[in-house]
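**Q** give the three-dimensional model of this entry:
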Amino acid sequence: MSKVSPCLWFNGEAEEAANLYVSLLPNSRIENVQKNVIDSPGGKAGTVLLVEFTLAGQRFMALNGGMRMEHTHAVSFAIDCVDQAEVDRLWDALLAAGGTAEQCGWLRDRYGVAWQIVPAAVHQYLGGSDAAGAARVMQAVLGMIKLDIEGLRRAYEGEAAA
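**A** The predicted model follows:
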């Protein structure tokens, strides 16, 4: 296990959430599922207490803590996407079954975990040599829900929106 692993708190959905997350990205897998050995705040004996999983090479834990704890934007998980198809696929999968879309490429999945679905192009445009283009891209990002690479390109190049 990694020396430091984020631990996500759930109320009975730890295994379900971990299975969803590992289905989305390469180099992801469930490492271990630990059951409650006695009845505890996390659940009855024999139910899932902790799921250790790897998500795109990063180790995580998902804990059934026994009560609802709200996730906040203070901790979110950013996924750098290579193209619009990856943005769209991850966006749709994380919103499925009750997720909520938010501004600037952010969303909350059905468990309340905050994600940023970010095309790599955002970093290229915001860090580009054209300061005015970067400013237009930032303005475009602020006006988007799901980030659109073509719209960001047009903003950087100063083209009118389609």
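**Q** could you pull out the helices for this protein?
**A** Using DSSP state H, the helices found in the chain span residues 14-24, 84-95, 120-126, 131-143, 149-157.
**Q** chain center to the third one: distance?
**A** Centroid separation for helix 120-126 versus its chain: 18 Å, with CA atoms, centre = their mean, to the nearest Å.
**Q** got a pLDDT number for the residue nearest to the spatial centre of the chain?
**A** The residue lying closest to the centre of the chain (CA atoms, centre = their mean) is Trp115, at 3.1 Å. Per-residue pLDDT puts Trp115 at 98.
**Q** identify the bridge partners of it.
**A** Assessed by DSSP bridges, Trp115 has beta-bridge partners Phe77, Leu107.
**Q** tell me the contacts of the residue lying farthest from the centre of the chain?
**A** The outermost residue of the chain, judged against the average C-alpha position, is Ile38 (32.4 Å), by CA atoms, centre = their mean. Neighbouring residues of Ile38 by CB atoms under 8 Å, 6 or more residues apart in numbering: Ala45. Where you see a C-beta, it was placed from the backbone N, CA and C, and this is true even at glycine.
**Q** ok, it to Gly46 distance?
**A** Note on Ile38: its distance to Gly46, by CB to CB, to the nearest Å, is 10 Å.
**Q** what is in contact with these two at once?
**A** If you check Ile38 and Gly46 against CB under 8 Å, 6+ apart, no residue is contacted by both.
**Q** just to revisit the earlier point, want to throw the helices of the chain into CSV with distance to Glu70, mean neighbour count and mean pLDDT?
**A** Putting the helices of the chain into CSV (distance: least, CB to CB, whole Å; neighbours: other CB atoms under 10 Å; pLDDT from 0 to 100) gives the following:
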stretch, distance to Glu70, mean neighbour count, mean pLDDT
helix 14-24, 15, 19, 98
helix 84-95, 17, 17, 98
helix 120-126, 28, 17, 96
helix 131-143, 25, 15, 97
helix 149-157, 31, 18, 97
